[in-house]
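S.K.: Need a 3D model of the sequence below.
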Amino acid sequence: MRQIILTKVENGFWVVECPSLPGCISQGETKEEAINNIKEAIRLYTECLLEDGIEIPKENYEAMTLVV
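M.R.: Numbers count the residues shown, from 1 in each chain. You can find the predicted model right below:
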């Protein structure tokens, strides 16, 4: 299980990243497409780490909403 962050950017696309896996970023024209794309990116990212004998980082990200 991984935390992800979704951001809608100026061109209307959704950019999505997984903070606990540095550099694991994807995008999509819709939120659903972006989520599906990051699932695939996370899977490939972790497969590559395992193939290289590198430990998969633990989930260490926590998000919250703050009123200011």
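
S.K.: Please enumerate the helices of the chain.
M.R.: 31-51 (DSSP state H).

S.K.: how about low-confidence regions in it?
M.R.: Applying pLDDT under 70 to the chain picks out no residues at all.

S.K.: quick one: Arg43 and Lys8, what's the gap?
M.R.: From Arg43 over to Lys8 the distance is 24 Å, taken as Cβ to Cβ, to the nearest Å. C-beta here means a position set from N, CA and C on the backbone, and glycine is covered the same way.

S.K.: Thr30 now?
M.R.: With distances taken as Cβ to Cβ, Thr30 is found 10 Å from Lys8.

S.K.: Touching both of those two, which residues are there?
M.R.: Shared contacts of Thr30 and Lys8 (Cβ atoms under 8 Å, 6 or more residues apart in numbering): Trp14.

S.K.: Number of residues surrounding Lys31?
M.R.: Neighbour count for Lys31, taken as other Cβ atoms under 10 Å: 12.

S.K.: Over to the one 5 residues further on?
M.R.: For Asn36, the count of nearby residues is 14 (other Cβ under 10 Å).
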